[in-house]
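>>> here's a sequence, model it:
(one chain, ligands or ions: 1)
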Amino acid sequence: MNESVYRQACAYLDEHREALAEDLMRLVRIPSVSVPGDRNAPFGENCLRVLQETLSMGQERGFVAEIYDNQVGKLALKPGEVDVGFWGHLDVVPEGGNWEHSPFDPVVEQGYVIGRGASDNKGAVVGLLYVLSCLQALGLPLKKNYALYLGTDEERGMADVEHFVKYFNPPKMSIVTDCGFPVCYAEKGIIDARLVSVAPFTSNVVELSGGLASNVVPDSASMTILKTEKALSGLAALPAEVEAQVEERVIRLTAKGVCGHTAFPQNAVNAIRVLTDAVLKAELLPEQDLNILHFLNKVNDDVYGTTLHILSEDEISGRLTCVGSTLCLRDRHADLGINIRYPVKERDERLTDSIATACAQHGFVMDLERVSAPNHFPLNHPAVQKLTELYNQETGQDSKPYAMAGGTYARKLPNAFAYGPGFPGGELPKELFSPGHGGAHGPDEALDLDRLLRALKIYIKAILLLDEMEL
Ligand SMILES: [Zn+2]
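Okay, here's the model as predicted:
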């Protein structure tokens, strides 16, 4: 690699640090939460606006801009086919509560850009825009064509990239810049299904609810039952985690757990499980209701799907996980939503067949909601090897390509893997951020400009490497 070219590139990026922060804040000011939209703005007006704004930033710099059905955008160095596409997203999660700063009126403090979307994922998008500008400014004779692709529905359902892949040509290779270094070469598959009891509950079960979203292990679940002699006499057997409120006609039960992500459920405590287990052990309900709860409880016996006969593991992505994460009454039937993260070598049909069979044996039916196939990029691909080596050289680490249970655009794109821009570790300054603040989906989301610039310098070297490589 030409060292002097690299040094010029670093100087360019350092000189443009302020401009980069300004451009990032321009985008953060648009509250681009993806919402159901219409034909013209499929993910809402704000997602379209942020996409157009970013495309015009690129056009001002002379990049080849293209917009695909107002869902995905592209900024390429040259016209024609793209060899390597860098993918980021411009939509953000809703602002949520507890902000000490203003989510959509960003500021820079101590080198942090603070605002919703600053780090996930607008910082990487603007950063890549500067990487392309830098390559252009240096006038390097690149052999391949590079582009920045912009999505607008990553956080809600990735319908943007699904649509793009269906109707348009993706680049030969895609690098998703919405993750951590070094290379994430495998993402587990995801299945969402609902398990619904064939028999209804008796009128003893008045209300049942637990869980907010399929990908969250719930920290709270509740059930309201009729105040019967049997129920009252069982209350003494309830554990401390389940609170009972005795009212005139009913008893309200509330179970507490410890919240977590269903992709990493091992250290969470599922409140739905706490609730069903307690009601069964205390025998608060008639036999017919306990029979229904028995299966729901068994599904959450462990987080590996033992009861559903879907134990699975491979050397790439580890063990399958399965969490019954939402619970409600559907008419008078029990309805448990399960979220499964399965290994890349597993087949989804085998799993859904097993689940359907286990359900049938226990008086339940399975209602399949979503299968998102796993992603697996060959580990021995030279790009994976070289980009990992590059990261290790730059940071003095010895990290290996990794697999994960979360999901990025890489799972929707052919020939794709995630690479950066996050670095492991790194504490936020305590005088600037309260505990639990500053993270990607949390309050006071922050982007560390120093770290982003380090990542961009790695991307520059990555492009110089890829340019010499057979893809
Ligand atoms: Zn993201």
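>>> close to the ion: what parts of the stretch 101-250 of the chain are there?
120, 121, 178 (C-beta under 5 Å from the ion). The way it works is simple: take the backbone N, C-alpha and C, and place the C-beta from them, glycine included.
>>> same thing but 6 Å
120, 121, 154, 178 (C-beta under 6 Å from the ion).
>>> can I assume the third one sits in a helix?
No: under DSSP: H, G, I helix; E, B strand; the rest coil, residue 154 falls outside any helix and is assigned coil.
>>> just checking: what are the partner strands of the helix or strand containing residue 223?
Using DSSP states H and E, residue 223 falls within strand 220-226. The partner list of strand 220-226 in its sheet, established with DSSP bridges, is strand 205-210 (antiparallel), strand 250-256 (antiparallel).
>>> for the closest residue in space to residue 183 that isn't next to it in sequence, give me its contacts.
Closest residue to residue 183 apart from its sequence neighbours, by C-beta to C-beta, 6 or more residues apart in numbering: residue 401 at 4.3 Å. Neighbour list for residue 401: 182, 183, 184, 185, 379, 384, 388 [criterion: C-beta atoms under 8 Å, 6 or more residues apart in numbering].
>>> picking up where we left off before, quick one: the strands paired with strand 220-226 as CSV, columns for mean pLDDT and mean neighbour count too.
Output for those, formatted as CSV (pLDDT from 0 to 100; neighbours: other C-beta atoms under 10 Å):
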stretch, mean pLDDT, mean neighbour count
strand 205-210, 96, 20
strand 250-256, 97, 19
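>>> could you dump the ones you listed into a markdown table and include distance to residue 218?
Converted to a markdown table, the strands paired with strand 220-226 look like this (distance: least, C-beta to C-beta, whole Å):
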| stretch | distance to residue 218 |
| --- | --- |
| strand 205-210 | 5 |
| strand 250-256 | 9 |
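>>> nearest to residue 307, out of the ones you listed?
strand 205-210 (17.8 Å; C-beta to C-beta).
>>> what does the closest one contact?
201, 218, 220-226, 250, 255, 271-272, 275, 285, 289, 326-329, 332, 334.
>>> give me the buried subset of those.
201, 218, 220-226, 250, 255, 271-272, 275, 285, 289, 326-327, 329, 334 (16 or more other C-beta atoms under 10 Å).
>>> before we move on, the earlier item: farthest-separated two in the residues of the stretch 101-250 of the chain next to the ion?
120 and 154 (8.9 Å).
>>> who's more crowded, the two?
residue 154 (27 against 22; other C-beta atoms under 10 Å).
>>> how about the residue nearest to the more buried one when sequence neighbours are not counted, what does it touch?
Closest residue to residue 154 apart from its sequence neighbours, by C-beta to C-beta, 6+ apart: residue 89 at 3.5 Å. For residue 89, the residues meeting the contact criterion (C-beta under 8 Å, 6+ apart) are 121, 125, 150, 151, 152, 153, 154, 155, 160, 178, 409.
>>> now do the last one against residue 187, distance only.
It stands for residue 409. Separation of residue 409 from residue 187 (C-beta to C-beta, to the nearest Å) stands at 10 Å.
>>> which other residues reach stretch 433-442?
So stretch 433-442 is contacted by 93, 96, 98, 100, 112, 114, 119-120, 428, 432, 443-446 (C-beta under 8 Å, 6+ apart).
>>> can you lay out the residues you listed as JSON lines showing secondary structure and pLDDT?
Listed next are the contacts of stretch 433-442 as JSON lines, based on DSSP: H, G, I helix; E, B strand; the rest coil; pLDDT from 0 to 100:
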{"residue": "93", "secondary structure": "coil", "pLDDT": "91"}
{"residue": "96", "secondary structure": "coil", "pLDDT": "83"}
{"residue": "98", "secondary structure": "coil", "pLDDT": "87"}
{"residue": "100", "secondary structure": "coil", "pLDDT": "96"}
{"residue": "112", "secondary structure": "strand", "pLDDT": "98"}
{"residue": "114", "secondary structure": "strand", "pLDDT": "98"}
{"residue": "119", "secondary structure": "helix", "pLDDT": "96"}
{"residue": "120", "secondary structure": "helix", "pLDDT": "95"}
{"residue": "428", "secondary structure": "coil", "pLDDT": "92"}
{"residue": "432", "secondary structure": "coil", "pLDDT": "95"}
{"residue": "443", "secondary structure": "coil", "pLDDT": "92"}
{"residue": "444", "secondary structure": "coil", "pLDDT": "96"}
{"residue": "445", "secondary structure": "coil", "pLDDT": "95"}
{"residue": "446", "secondary structure": "strand", "pLDDT": "97"}
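>>> tell me the one of the residues you listed nearest the ion?
residue 120 (4.2 Å; C-beta to the ion).
>>> please look at the closest one and residue 179 and confirm they touch.
No: Residue 120 lies out of contact with residue 179 (C-beta atoms under 8 Å); the separation is 10.3 Å.
>>> and for the spatially closest residue to residue 190 that is not a sequence neighbour, the neighbour number?
Of all residues not flanking residue 190 in the chain, residue 372 sits nearest, at 4.3 Å (C-beta to C-beta, 6+ apart). When neighbours are counted by other C-beta under 10 Å, residue 372 registers 19.
>>> for residue 238, same thing?
17.
>>> swap in the one 5 residues further on?
When counting by other C-beta under 10 Å, one arrives at 12 neighbours for residue 243.
>>> ok but it is inside a helix, no?
No: under three-state DSSP, residue 243 sits outside any helix and is assigned strand.
>>> next up, the contacts around it.
Contacts of residue 243 by C-beta under 8 Å, 6+ apart are 253, 254, 255, 256.
>>> excluding covalently adjacent residues, which one is nearest to the last one?
Here the nearest residue to residue 256 in space, its sequence neighbours aside, is residue 241; by C-beta to C-beta, 6+ apart that works out to 5.1 Å.
>>> distance check, that neighbour against the ion.
Distance from residue 241 to the ion, counting by C-beta to the ion, to the nearest Å: 34 Å.
>>> again, but for residue 286
Residue 286 is 47 Å from the ion, by C-beta to the ion.
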